[in-house]
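1. test case, fold it:
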Amino acid sequence: MKLTSRSGRHSSRIELQMTSMIDVVFLLLIFFMVTASFAKTERELDPAIRVEKAAATKSRTQLEPAIVEIVGGPGRFAYKLGGREFNSPAELTAVLRQFENKSDGAFVRVPDDAPFDMAAAALQACMDAKFLAVSYVPLSEEN
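-> Numbers count the residues shown, from 1 in each chain. Reported below is the predicted structural model:
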């Protein structure tokens with residue numbers, strides 16, 4: 001059994017078809033470019049919350065919003081801010097102006113039996129003290 005070729009003209013050089021190889025390479029390149037994620041990873045993102053050392057040392061009272069209550073009975077009403085009571089809106093405005101944290105806003109809590117002019121005066125005192133937001137909170141007898 002003879003395993004040699006019959007013709008002596010057979011060339012020893014092998015030729016590869018590169019056209020299909022280039023097509024496959026370009027298809028793979030396009031696939032990886034399309035599926036690649038260009039979004040920032042979580043560790044590269046900037047945090048939305050910034051902590052300032054000066055803010056961490058502030059006292060708790062500066063972080064609470066101002067709560068003005070109208071207290072009293074059928075004949076006499078007064079403005080209450082914390083543990084202090086005021087009889088006139090001018091006194092209340094003077095104390096409210098001393099608050100440093102006005103961005104948290106102020107709340108005016110008014111019972112049902114309080115006179116309307118006292119509620120309006122308390123709201124105006126908060127606005128005059130330059131609070132950014134003032135909220136009216138009605139108090140019914142169930143609260």
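2. distance of the nearest residue to A129 once chain neighbours are set aside from R13?
-> Distances taken as C-beta to C-beta, 6 or more residues apart in numbering place L96 nearest to A129, at 3.6 Å, with adjacent residues excluded. In short, each C-beta sits where N, CA and C put it, glycine included. Separation of L96 from R13 (C-beta to C-beta, to the nearest Å) stands at 97 Å.
3. those two: who's more crowded?
-> Applying other C-beta atoms under 10 Å to L96 and R13 shows that L96 carries more neighbours, namely 24 against 4.
4. and the more buried one, what's its pLDDT?
-> In the prediction, the pLDDT value recorded for L96 is 89.
5. ok, now how distant is it from R109?
-> From L96 to R109 the distance is 15 Å (C-beta to C-beta).
6. so what's the residue nearest to A129 up against?
-> Applying C-beta atoms under 8 Å, 6 or more residues apart in numbering to L96 gives the contacts 66, 68, 81, 106, 125-126, 128-129, 131.
7. and if we set it to 7 Å?
-> 66, 125-126, 129 (C-beta atoms under 7 Å, 6 or more residues apart in numbering).
8. right, and the helix or strand after the lowest-mean-pLDDT helix or strand in the chain?
-> Here the helix or strand of the chain ranked lowest by mean pLDDT, DSSP states H and E is helix 53-56, holding a mean of 55. Sequence-wise, the next helix or strand downstream of helix 53-56 (DSSP states H and E) is strand 66-72.
9. who are the packing partners of that next one?
-> Helices and strands touching strand 66-72, as assessed by 3 or more C-beta pairs under 7 Å, 6 or more residues apart in numbering; DSSP states H and E, comprise strand 77-81, strand 106-111, helix 116-128.
10. that'll do, ta.
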